[in-house]
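# Sequence first, then the predicted structure, then my questions.
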Amino acid sequence: MKTPTQTNAIDFDSAKLQRLGFGQPSLLTRRPATVAQLRQQLGMQLQTSLEPEHILALFFREIQRLVPLDALQYRHDTSDLRLEYGHRGHHSMSYTLSHEGEHLGTLVFRRNQRFIEDELSQLESLLSTLLYPMRNALLYRAATRSALRDPLTETGNRIAMDQTLQREIDMARRHLQPLSLLMLDIDHFKHINDTHGHATGDKVLKAVAASIKNQLRNVDMVFRFGGEEFLILLSNTGRDAASMVGERLRQAAQAQDYWADEERIELTVSLGCSTLLAGESAESLLRRADNALYVAKREGRNRLAMAG
């Protein structure tokens with residue numbers, strides 16, 4: 001049975017904000033009992049962060065004081081940002097947020113009960129509090145991404161990887177969670193460049209990067225490590241699960257179509273995988289993944305090798 005879905009588009013301009021009462025003074029209580037009180041509280045709380053993840057998590061938690069929800073999904077394709085909170089329900093309501101022609105993302109509310117008109121009116125009123133916090137967060141994200149992103153593949157660059165890896169290792173140890181690393185290399189990439197030109201090579205790199213991202217969770221991170229090498233960080237992922245992810249990436253890359261002048265390019269990738277050991281350094285974790293990748297290449301390419 002198809003999931004019931006309702007879709008709305010909302011453009012919050014100044015007049016609508018005023019009509020909704022956003023920005024008008026009201027008494028702030030610790031536990032708001034009305035839409036106006038909660039809107040006032042959110043208007044203050046959401047402005048304290050420039051992280052979309054924190055803003056939306058706070059919004060999802062607080063609005064349930066008035067409207068029970070099972071899940072909240074957010075997507076902003078320009079920023080390559082996809083977030084999900086809670087567990088999906090059977091009924092959904094979708095809103096496209098924009099302000100003065102600027103797209104600010106799509107929100108989907110989900111739950112197992114059908115939404116009623118009064119609840120939708122409350123949600124639409126509360127959505128106004130997301131306008132400026134999310135706009136500021138997206139601008140900040142764009143500014144930081146430009147310094148930490150590879151412009152061709154829209155993955156993290158080497159600087160971002162260096163900053164992230166140690167942080168993820170520290171977090172994994174603090175929470176006693178596993179951490180795995182995949183190193184992926186496009187097989188015979190030099191031949192593609194030499195035969196079809198660098199423009200085609202760039203298209204292949206972008207397609208492989210997109211293929212990788214489509215197979216991963218929101219919490220996983222992808223970096224362009226070298227010319228045709230990518231590094232994938234898998235948080236809270238042990239050896240066996242990382243092996244499954246690596247095999248899925250290999251199959252997805254091979255199944256994708258790559259074309260040059262109406263000629264299909266046969267493309268495969270090789271991967272090496274390492275899982276963080278007790279007391280292991282970032283350099284050692286990288287080195288073991290790189291050694292495993294070398295084994296995969298030596299044994300015939302188009303395969304995944306696991307570090308010992």
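That came in fine, so what should we check first? Numbering: from 1, shown residues only.
# Specify the residue ranges that define each domain of this structure.
The record's domain parsing of the chain by automatic domain parsing lists 5-145, 149-306.
# and those domains, which one's lowest on average pLDDT?
In terms of average pLDDT, domain 5-145 trails the rest of the domains of the chain, at a mean of 81.
# all strands for the stretch 1-150 of the chain, in order.
5-11, 71-76, 81-86, 91-99, 102-111 (DSSP state E, counting those that start in this stretch).
# Tell me the strands beside the second one, with direction?
By that I understand strand 71-76. strand 81-86 (antiparallel), strand 102-111 (antiparallel) (DSSP bridges).
# ok, now the fourth one?
Looking at strand 91-99 with DSSP bridges, its paired strands and their directions are strand 5-11 (parallel), strand 102-111 (antiparallel).
# how far does that strand sit from the chain's center?
Put simply, strand 91-99 sits 19 Å off its chain's centre (Cα atoms, centre = their mean, to the nearest Å).
# buried sites along stretch 263-283?
Of all the residues in stretch 263-283, those buried under the rule 16 or more other Cβ atoms under 10 Å are Ile265, Leu267, Val269, Ser270, Leu271, Gly272, Cys273, Ser274, Thr275, Leu276, Glu280, Ala282. All C-beta spots, glycine's among them, are computed from the backbone N, C-alpha and C.
# Is the last one in contact with Ile169, as I believe?
Yes - contact criterion Cβ atoms under 8 Å: Ala282 and Ile169 qualify, at 5.8 Å.
# burial measure for Gly308, as a count.
8 (other Cβ atoms under 10 Å).
# Name all residues that make contact with it.
Arg288 (Cβ atoms under 8 Å, 6 or more residues apart in numbering).
# switch to 6 Å and redo it
With contact set as Cβ atoms under 6 Å, 6 or more residues apart in numbering, Gly308 has no partners.
# Kindly report the same for Asp187.
Thr268, Ser270, Arg301.
# Can you tell me the SS state at the second one?
Same thing as Ser270. strand (DSSP: H, G, I helix; E, B strand; the rest coil).
# Number of residues surrounding the nearest residue to it once chain neighbours are set aside?
Excluding the flanking residues, the one nearest Ser270 by Cβ to Cβ, 6 or more residues apart in numbering is Ala296, at 4.2 Å. Number of residues near Ala296 (other Cβ under 10 Å) recorded here: 25.
# Ala296: which element?
In this structure, Ala296 sits in helix 282-298 according to DSSP states H and E.
# Now do the buried residues in that helix.
Buried, per 16+ other Cβ under 10 Å, within helix 282-298: Ala282, Leu285, Leu286, Arg288, Ala289, Asp290, Ala292, Leu293, Val295, Ala296, Lys297.
# looking at this, Glu168 is in a strand?
No - counting by three-state DSSP, Glu168 is located in no strand; its state is helix.
# residue contacts, it?
Leu179, Leu233.
# For Met244, see how far away it is.
As judged by Cβ to Cβ, to the nearest Å, Glu168 and Met244 stand 20 Å apart.
# Adding mean neighbour count as columns, could you present the strands of the stretch 1-150 of the chain in a markdown table?
Converted to a markdown table, these look like this (neighbours: other Cβ atoms under 10 Å):
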| stretch | mean neighbour count |
| --- | --- |
| strand 5-11 | 12 |
| strand 71-76 | 19 |
| strand 81-86 | 17 |
| strand 91-99 | 18 |
| strand 102-111 | 20 |
